[in-house]
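Asker: give me a 3D structure for the following:
(2 chains)
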Protein chains: 2
Amino acid sequence: MPMTYPEQAIADALAAIAWNADGLVPAIAQEAATGEVLMLAWMNAEAVRETLASGRVCYWSRSRRALWRKGETSNQIQHLKGFLIDCDGDTLLLRVHQEGVACHTGRRNCFFRELSGDGMVINQEVVVNPKMLYANKNNT
Amino acid sequence: MPMTYPEQAIADALAAIAWNADGLVPAIAQEAATGEVLMLAWMNAEAVRETLASGRVCYWSRSRRALWRKGETSNQIQHLKGFLIDCDGDTLLLRVHQEGVACHTGRRNCFFRELSGDGMVINQEVVVNPKMLYANKNNT
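Answerer: The predicted structure is shown next:
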């Protein structure tokens, strides 16, 4: 089941976050079951509020300057399993259950470029054709 | 053993990173052995270069505006075990072996504040007295 929080808890979380000059905070998404780091994206207060109230992760897209409900187009939804704030309040750690794949390239997570002694190498296969993820739109 | 990289591989990594307007990129540190997310900090090109050449993680301290050799004061060193770049090039994932504790509060990782239905709660004990970590200086 996704995790949702009551209004007072949401207010406590919002008050504990040290937003940057743009009103944003970086959020790391980690698969709760395995510890796999899936991606990093950004949240504003509205995105945090929606995520905590709904149990589905919603980011802020800096490029589109709009709320980014993860999986809204692609169906690759992130269900919230836990919400943590770091010592300085300026980074979030989201424990999630990722449906399907996190990366818009169709890979399980976004960190598929790994440095080897010979330079950058690809460390993950594409598991979902990205053309299948996005029918008309260009968000993840 | 820490992981170090030859000069050409370091150049490849630097070229693959999409630096922000301040010339920085966020870096997630993850314990290689367990998957535990330890912290997030920032790197500039010099910090990335030093980290990859030395095998010891070096960040850029935004508050002190200086290279931040993790553990230089506290001895809580991060040994590099892997270096990954995300799909957009704007986030790094460092796989590390953390000696001791990652957090300046003396906790194993920085994400010790977790949201519960009753608000924020502390989810980790202090395992090293922070006064023992910093004799004279105020960095981690």
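
Asker: quick check, residue A:49 in a strand?
Answerer: No - if the criterion is DSSP: H, G, I helix; E, B strand; the rest coil, then residue A:49 is helix and not within a strand.

Asker: quick one: residues contacting it.
Answerer: A:10, A:14 (Cβ atoms under 8 Å, 6 or more residues apart in numbering or on different chains). Placement of C-beta: from N, CA and C, glycine included.

Asker: same check on residue A:24?
Answerer: Contacts of residue A:24 (Cβ under 8 Å, 6+ apart): A:42, A:43, A:44, A:60, A:62.

Asker: secondary structure element for the fourth one?
Answerer: Spelled out, it's residue A:60. Here residue A:60 sits within strand A:58-61, counting by DSSP states H and E.

Asker: quickly check: the next helix-or-strand element following that strand near chain B or not.
Answerer: Where DSSP H and E defines the elements, the next helix or strand beyond strand A:58-61 is strand A:66-69. No - against chain B, strand A:66-69 shows no contacts by Cβ under 8 Å from any Cβ of the partner chain, the least distance being 13.4 Å.

Asker: quick one on the thing from earlier: if any of the contacts of residue A:24 are buried, put those into a PyMOL selection.
Answerer: Here is the PyMOL selection string for the buried members of the contacts of residue A:24, based on 16 or more other Cβ atoms under 10 Å in any protein chain shown:
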select buried, chain A and resi 42+43+44+60
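
Asker: and of the contacts of residue A:24, the nearest to residue B:78?
Answerer: Distances from residue B:78 to the contacts of residue A:24, taken as Cβ to Cβ, are shortest for residue A:42 (24.5 Å).

Asker: excluding chain neighbours, give the residue nearest to the closest one in space.
Answerer: Spatial nearest neighbour of residue A:42, excluding adjacent residues (Cβ to Cβ, 6 or more residues apart in numbering or on different chains): residue A:24 at 4.6 Å.

Asker: tell me the spacing between residue A:120 and chain B.
Answerer: Counting by Cβ to the nearest Cβ, to the nearest Å, the gap from residue A:120 to chain B is 5 Å.

Asker: quick check on residue A:95: phi, psi?
Answerer: Note on residue A:95: backbone dihedrals following degrees, to the nearest 10 are phi -90, psi 130.

Asker: out of everything not next to it in sequence, what's closest to the residue in chain A positioned nearest to chain B?
Answerer: Among the residues of chain A, residue A:35 lies closest to chain B, at 2.7 Å counting by Cβ to the nearest Cβ. Take residue A:35 and drop its neighbours on the chain: the residue closest to it by Cβ to Cβ, 6+ apart is residue B:35, 2.7 Å away.

Asker: how about that neighbour, what does it touch?
Answerer: A:30, A:34, A:35, A:36, A:37.

Asker: for the closest residue to residue A:114 other than its chain neighbours, give me its contacts.
Answerer: Nearest non-adjacent residue to residue A:114, counting by Cβ to Cβ, 6+ apart: residue A:123, 4.3 Å away. Going by Cβ under 8 Å, 6+ apart, residue A:123 touches A:111, A:112, A:113, A:114, B:84.

Asker: among those residues, which ones are buried?
Answerer: The neighbour count (16+ other Cβ under 10 Å) marks A:111, A:112, A:113, A:114, B:84 as buried among these.

Asker: need the three-state assignment for the first one.
Answerer: Spelled out, that is residue A:111. Following three-state DSSP, the label given to residue A:111 is coil.

Asker: what of the one 4 residues further on?
Answerer: On the three-state scheme (three-state DSSP), residue A:115 is labelled strand.

Asker: residues in contact with it?
Answerer: Residue A:115 sits next to A:121, B:5, B:9, B:12, B:13, B:52, B:82, B:83, B:84, B:85 when contact means Cβ under 8 Å, 6+ apart.

Asker: can you map out the strands along chain A?
Answerer: Assigned by DSSP state E, the strands in chain A fall at A:25-31, A:37-43, A:58-61, A:66-69, A:78-85, A:92-98, A:113-116, A:119-122.
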